[in-house]
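K.L.:
Quick one: sequence plus predicted model below, questions after.
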Amino acid sequence: MHPILFTIGPITIYSYGVMLATAVVVCTYLLSLDAKRCNISQETAYDLVFWCILWGIIGARIFYIFIEWSYFSNNLLEIPMLQKGGLAWQGGFLGGALAGAWFAHSKKLSLRPLMDLTAPYIALGQSIGRIGCFFNGCCYGKPVAWGIYYPVHDARLYPTQLFETAGLFIIFLFLKRAQSKPHEAGFIFIFYLWLAAIERFIVEFYRADHDFLWLGLSLAQYIALGVFAAGLILMKVFKK
């Protein structure tokens, strides 16, 4: 693994931070091109992404610190060190979604088309970000003979980060194709919720960086079930 790409004097460039920045730049550019379909200017699209990314990162970090508090309670100075990794997509999704809803309300934009516009790029951003997890060595899998050797763990492990990169990229492609077909407003976002929840639920069986809670499932899997259920609730709400 290569958690540090290179150093320039006192400046250290971390692979996790580079991939996070890459995800932001790529998704912002592509979303701004699609914004015209919703009669949204590029400037408005950039503002939307700014607030969603800002509160998404804040939410992701807060949630990660919450679930890893046993570590951070003894290492308080590491709380702001995002360059070392440590973002939980569940918190990031919640923070970004709330920011997006607030932005739509403040700009008097129709919420459901905006949800459909952003859904594929949420998946794409996660896909790119997981490459940073791979380089960083976090979110690692269980030992397996044919796995990738992780020096930081001194073991061959399932490359669960790459599993997620591939799975989320496929979800991105599916959602982009679904956008081009007739659909009810808001349902692309619902598809994202369902597919992302299923993908994470499956990959969790191969990860080794968590404890199992009840019935052999992890906290992330229970959250994934909740996300899937939220999609069902939204579907019923939208149909009404």
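P.N.:
Done, it's in.

K.L.:
what sits up against stretch 52-63?
P.N.:
Contact with stretch 52-63 is made by 24, 28, 79, 82, 86-96, 98-100, 103, 118, as judged by C-beta atoms under 8 Å, 6 or more residues apart in numbering. For every residue, glycine as well, the C-beta is placed using N, CA and C.

K.L.:
go with 6 Å
P.N.:
For stretch 52-63, contacts defined as C-beta atoms under 6 Å, 6 or more residues apart in numbering pick out 24, 87, 88, 90, 91, 92, 94, 95, 96, 99, 100.

K.L.:
what's the lowest-pLDDT member of those?
P.N.:
Among the contacts of stretch 52-63, residue 87 carries the lowest pLDDT, at 74.

K.L.:
Just the element for that residue, please.
P.N.:
For residue 87, there is no enclosing helix or strand under DSSP states H and E.

K.L.:
What residues does it make contact with?
P.N.:
60, 61, 64.

K.L.:
So what's the residue count around the residue nearest to the last one when sequence neighbours are not counted?
P.N.:
This points to residue 64. Closest residue to residue 64 apart from its sequence neighbours, by C-beta to C-beta, 6 or more residues apart in numbering: residue 88 at 4.2 Å. Neighbour count of residue 88, defined by other C-beta atoms under 10 Å: 22.

K.L.:
if we can go back for a sec, quick one: which of the contacts of residue 87 sit in helices?
P.N.:
60, 61, 64 (DSSP state H).

K.L.:
between those residues, which has the most around it?
P.N.:
Counting by other C-beta under 10 Å, top hit in those: residue 60 with 23 neighbours.

K.L.:
Just want to check the distance between that one and residue 226.
P.N.:
Using C-beta to C-beta, to the nearest Å, residue 60 is found at 17 Å from residue 226.

K.L.:
out of everything not next to it in sequence, what's closest to the residue most central in space within the chain?
P.N.:
With distances taken as C-alpha atoms, centre = their mean, the residue of the chain nearest its centroid is residue 126 (3.8 Å). Excluding its sequence neighbours, the residue lying closest to residue 126 (C-beta to C-beta, 6+ apart) is residue 168, at 4.8 Å.

K.L.:
what does the host helix or strand of the one you found contact?
P.N.:
Assigned by DSSP H and E, residue 168 belongs to helix 160-179. The contact list for helix 160-179 (C-beta under 6 Å, 6+ apart) reads 119-120, 123-124, 126-127, 130-131, 133-134, 139, 141, 188, 192, 195, 199, 203, 206-207.

K.L.:
before we move on, the earlier item: quick one: which of the contacts of stretch 52-63 sit in helices?
P.N.:
Per DSSP H, the contacts of stretch 52-63 map to helices at 24, 90, 91, 92, 94, 95, 96, 99, 100.

K.L.:
okay, now residue 34: neighbour count?
P.N.:
With other C-beta under 10 Å as criterion, residue 34 counts 17.

K.L.:
Ignoring the adjacent residues along the chain, who's closest to it?
P.N.:
residue 117 (6.0 Å).

K.L.:
Isn't that neighbour up against residue 40?
P.N.:
No. Residue 117 is beyond contact range of residue 40, at 7.6 Å (criterion: C-beta atoms under 6 Å).
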